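Trainee: Whatever this is, show me its structure:
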Amino acid sequence: MNKACEKGFAVKMENEIYYWGKRRRRAKLIFNPASGSANASPVQLMNIISMLQEWKFIPEVYLTEPDSDYAKMVQETLVQGVNLFVVCGGDGTISAVAREIAGLPATLGIIPTGTQNNIALSLNIPQDIPSAISILRLGERVKIDMGMVVYGDMKMPFLEVCSVGLMSSLFSAGDDIQHGHFERVGDFLATLVSSTHSKIKLSMDDRREIVRMGHVVLVTNMPHVGRNYRVGNKAAFKDGLLDVLLFSNLNKINLLGCALKGSDISEVEDPRIEHYHVHKVDIETMPPMQIMADSVPLGTGAVHIEMNRRALAVMLPRSQKENKQARNQKKND
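Mentor: You can find the predicted model right below:
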């Protein structure tokens, strides 16, 4: 790029940043009052509304409930001319909204207030609320990949992970325990003790077929799942491939240890975990194992999973240089 082009690009970037900083924009704020500390949620909501207004957003609040109809909410919001959906909650709420806006002329913004915040971690979105909100103005709109599960006659996109086996069976009790419902410990242990391994058959897109005895298969679209467990590279959400992890040589105790300890970037992947990169995979288990996609239980049996390229638009951080320029412009407004 010659100097004239570089100068023109810089001016265009400055104008774009100035425009975004000046124009007020409506946004649907999807707030999960059960995420994080329930006692702090009313104060937290008011603080978030105030911060959004400082960034010249006009937030329209939607409070989530266990039976929230996100599909209806999304359609009604788009009809009203609002196409920015800002989710303030944990991974479950973010995934639920992402499923409904995938493929639509809409953009997802993320304010992480959950327990694990894997999606924010994977997308390099800061955990502190003011910094996360600033990305809605100073960031860039990026289209990322999603996975697609086909189970029987049902098709469902997923943002994080589709799990087959023990982790799916343990999720409900484990999630309740994580949120303080320790009366579910007995259910968790009973499921862990009673579960048996299955014959797992993987049929992958290059016609590879693998048959193993094991407890778990994970098909992931994000670098981190579970307790910030590292399963893919930093760009896993936009590389056009799914990560398939087959846990065939680990017993239940070792599997639980992997899930609980998380994984550091510097750690070498466990050689007992088979790791593949695919566009699509068919999974069959015998006896049939539980299937779950982004915390949604689907049933047992066979499942087809494929890559859904550039399905979701998300506000992500810019480079440090671009962010500094944008912040300086905001100070001068």
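
Trainee: which residues touch the nearest residue to Pro105 once chain neighbours are set aside?
Mentor: What sits nearest to Pro105 in space, not counting adjacent residues and going by Cβ to Cβ, 6 or more residues apart in numbering, is Asn83, at 5.9 Å. (Glycine included, C-beta is placed from N, CA and C.) Contacts for Asn83 were tallied using Cβ atoms under 8 Å, 6 or more residues apart in numbering; they are 77, 105-107.

Trainee: Gln75 versus Asn83, what's the distance?
Mentor: According to Cβ to Cβ, to the nearest Å, Asn83 stands 12 Å off from Gln75.

Trainee: So for the residue nearest the centre of the chain, what's the pLDDT?
Mentor: In the chain, the centroid-proximal residue (Cα atoms, centre = their mean) is Ile119; its distance is 3.8 Å. pLDDT, Ile119: 96.

Trainee: mind exporting stretch 282-290 as PDB, just the C-alpha atoms?
Mentor: Listed next in PDB are the C-alpha coordinates belonging to stretch 282-290 (Å, rounded to 0.1, in the frame of the first residue of the first chain):
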ATOM      1  CA  ASP A 282     -21.100 -38.400  12.400                       C
ATOM      2  CA  ILE A 283     -21.100 -39.900  15.900                       C
ATOM      3  CA  GLU A 284     -22.700 -43.200  16.800                       C
ATOM      4  CA  THR A 285     -22.600 -44.800  20.300                       C
ATOM      5  CA  MET A 286     -23.600 -48.200  21.600                       C
ATOM      6  CA  PRO A 287     -25.100 -48.300  24.200                       C
ATOM      7  CA  PRO A 288     -26.500 -44.900  23.200                       C
ATOM      8  CA  MET A 289     -25.000 -41.900  25.000                       C
ATOM      9  CA  GLN A 290     -26.500 -38.600  26.000                       C
END
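
Trainee: Mind checking the pLDDT average for it?
Mentor: Here the average pLDDT along stretch 282-290 is 94.

Trainee: List the buried residues for stretch 272-287?
Mentor: 273-274, 276, 278, 280-285 (16 or more other Cβ atoms under 10 Å).

Trainee: got the contact list for it?
Mentor: Residues from elsewhere that reach stretch 272-287 (Cβ under 8 Å, 6+ apart): 164-165, 196, 198-206, 208, 210, 212, 217, 219, 240-250, 254, 269, 300-307.

Trainee: now these: which count as buried?
Mentor: Of the contacts of stretch 272-287, these count as buried by 16+ other Cβ under 10 Å: 164-165, 198, 200, 202-205, 212, 217, 219, 241-248, 250, 300-303, 305-307.

Trainee: that older thread, from what I can see, the residue nearest to the centre of the chain looks like it's in a helix, true?
Mentor: Yes. The assignment for Ile119 is a helix, going by DSSP: H, G, I helix; E, B strand; the rest coil.

Trainee: circling back to that earlier point, can you tell me which of the contacts of Asn83 are classed as buried?
Mentor: Looks like the contacts of Asn83 have 77, 106-107 buried, using 16+ other Cβ under 10 Å.

Trainee: isn't there a helix covering Thr93?
Mentor: Yes. Inclusion of Thr93 in a helix is indicated when three-state DSSP is applied.

Trainee: what's it in contact with, if anything?
Mentor: 30, 32, 35, 64, 87, 114.

Trainee: for the residues you listed, which one is nearest Leu316?
Mentor: Closest approach to Leu316 among those (Cβ to Cβ): Val87, at 14.1 Å.

Trainee: OK, contacts around the closest one?
Mentor: Val87 neighbours (Cβ under 8 Å, 6+ apart): 30, 32, 93-94, 97, 108-111.

Trainee: And Ala34, which helix or strand is it part of?
Mentor: Assignment of secondary structure by DSSP states H and E places Ala34 within no helix or strand.

Trainee: I'd like the distance between it and Leu52.
Mentor: Taking Cβ to Cβ, one finds Ala34 at 21 Å from Leu52.

Trainee: Neighbour count for these two, which is higher?
Mentor: Leu52 (22 against 16; other Cβ atoms under 10 Å).

Trainee: from the contacts of Asn83, which ones fall inside helices?
Mentor: If you go by DSSP state H, the contacts of Asn83 have Thr77 in helices.
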